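[1] Curious how this folds, go ahead:
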Amino acid sequence: MRSILIVDDEKHTRDGLSAVLADSYDVFAASNADEAIKMLEAEPFDAVITDLRMAGKSGISVIDKAISLPEKPVCIMLTAYGNMETAVEAMKHGASDFLSKPVDVEKLEKVLAESLEKRDDALKEAEAKKQKHVEYARKSHGPNAVVEAKHIDTGCLIANSPQMRSVVEKAVQVAHSKATVMITGETGTGKELIARLIHSSSPRRDMPFLPVHCAAIPANLLESELFGYEKGAFTGANQRRIGRFEAADKGTIFLDEIGEIDAQTQVKLLRFLETKSFERLGSSQSITVDVRVICATNRNLKEMSERGEYREDLYYRLNVVEIKIPPLREHRADIGPLIKSYIAYYARENDVEPVGIEPDALAALSNYDWPGNIRELRNFCENAVVMSQTKSVGAKDLDPKFTLPQRRDEKSHNLSKKDNELDLIRRALDAAEGNKSKAAEMLGISRRTLHRKLGDIKS
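    Below is the predicted model:
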């Protein structure tokens, strides 16, 4: 029997809903948000029905906790203060539906049944996709293929080359520790994929994995996004909100583009790494959580700290274990298997037959330097599946950039880091036909970061 958690500080509402649903569900009840959160931590539920406004924490905090769990329950919000703004806020936090009080019992039962059915269908579809890709990876790549236990983008991490096998071995080794990990490498090399591999190989695998793309969040909002805020902490803070660190308790938080965080957030992050505690904005109450921190950057934080652009003490706190991912041009043995894997994945996603890659095309693609790394390769594969008008792709069908001779003369190897970065950006802009948003996406950075890099290079 499915389990339902009812959260309401009004006893008659709790008892009434419990009596109505008890014939069809295994019903549990909580009188406030704190009690509900403890129950969610203790055991899984199929659905949560929560009041919005209660004494203490609001129902939003219950939904935030519920959707952070590995097995996300259906969340339905109830409120006597029903309006479109409240409904939108509830849906933004992960509620599947919104009902006003007094509750129409028949409507609640219908909404609950439909939401649970949709959840079941989504879980079955995700599991089927994962199993199909696992089977494909094992058949196509043999025992050297690294197949992750959980669905990660395409669900498969190919590591045929010695370089990537070394990366995977190091990731699996460090996964069983509590050490903070810094993943470095060029944009688009798959840093988040390795972070997810560490999490799924760790004792925290059944707890939340929360990625935060630091450069994509405005600097004035990043601190509140990470650590949360209290009602009234700033203009527009109409209610308490828990941050990513609090939502990731017992799990893993992945801080991507960690080199982009501002000085104030650096200070608060350093304190958290030292004490495992923090305060929400607008509060002096210390909150302690157990969170594994994995971060990633394509910048040289050591050089930045030496120039005074990044806190040196924070750099050393973050860089307890470093995993450096090589660019795709340095592990070419993985290019062919990756192309086959991604083409099969996008064919399934679009319900079409996978296109073939002829030997001359595969040779050209394997010789190409892939300045956008794995992200650029994925874009190529999706385009080939969606746009190809033939059953197989030959060298003649490729964009000229893939067949032009690659610049690998001695002079190019001795270019400065700034020149190499400029060359990478120029090639991404060429591939994106001058569109900076597309070039930033190809490079795996925000448009803001691209503008900054162009400014730094020109200076």
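[2] Determine the set of other helices and strands touching the helix or strand in which Met77 is found.
    Using DSSP states H and E, Met77 falls within strand 74-79. Where contact means 3 or more CB pairs under 8 Å, 6 or more residues apart in numbering; DSSP states H and E, strand 74-79 is packed against strand 47-51, helix 59-67, helix 84-92, strand 97-100, helix 105-141. Quick note: C-beta positions are derived from backbone N, CA and C, even for glycine.
[3] any idea of the angle it forms with helix 59-67?
    180 degrees (axes from the mean of the first three to the mean of the last three CA atoms, to 10 degrees).
[4] what is the orientation angle of strand 74-79 with strand 47-51?
    Between the axes of strand 74-79 and strand 47-51, defined by the same axes, to 10 degrees, the angle is 10 degrees.
[5] Paired strands for strand 74-79, with orientation please.
    Taking DSSP bridges as the criterion, strand 74-79 forms sheet pairs with strand 47-51 (parallel), strand 97-100 (parallel).
[6] Now do the last one: distance to the chain's middle.
    Distance of strand 97-100 from its chain centroid, counting by CA atoms, centre = their mean, to the nearest Å, is 28 Å.
[7] Then the longest one?
    On the basis of CA atoms, centre = their mean, strand 47-51 is displaced by 26 Å from the centre of the chain it belongs to.
[8] what sits against the spatially closest residue to Leu108 that is not a sequence neighbour?
    Spatial nearest neighbour of Leu108, excluding adjacent residues (CB to CB, 6 or more residues apart in numbering): Leu99 at 6.1 Å. Residues near Leu99 by CB atoms under 8 Å, 6 or more residues apart in numbering: 76-78, 82, 107-108, 111.
[9] for Tyr25, same thing?
    Contacts for Tyr25 (CB under 8 Å, 6+ apart) come out as 1-4, 46-47.
[10] repeat that with 7 Å
    1-4 (CB atoms under 7 Å, 6 or more residues apart in numbering).
[11] Please apply the same query to Ala347.
    Taking CB under 7 Å, 6+ apart as the criterion, Ala347 is in contact with 353-354, 385.
[12] Of these, which is the nearest to Gly188?
    Of all these, Gly188 sits closest to Val385, with 19.2 Å by CB to CB.
[13] Turn the buried ones among the contacts of Tyr25 into a named ChimeraX selection, would you?
    In ChimeraX syntax, the buried subset of the contacts of Tyr25 is picked out as below (16 or more other CB atoms under 10 Å):
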select :2,4
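[14] okay, among the contacts of Tyr25, which ones form the most distant pair?
    Greatest spatial distance among the contacts of Tyr25 (CB to CB): Met1 and Ile4, at 9.6 Å.
[15] and which of the contacts of Leu99 is nearest Phe272?
    Nearest to Phe272 among the contacts of Leu99: Met77, at 30.7 Å, using CB to CB.
[16] wait, that closest one sits on Val62?
    No - counting by CB atoms under 7 Å, Met77 sits too far from Val62 to count as a contact (9.2 Å).
[17] list the residues that contact both of these two?
    Thr50.
[18] which of those two has more neighbours?
    Neighbours were counted for Met77 and for Val62 using other CB atoms under 10 Å; Val62 has more, 31 against 28.
[19] what's near enough to touch that one?
    Per CB under 7 Å, 6+ apart, neighbours of Val62: 7, 33, 36-37, 48, 50.
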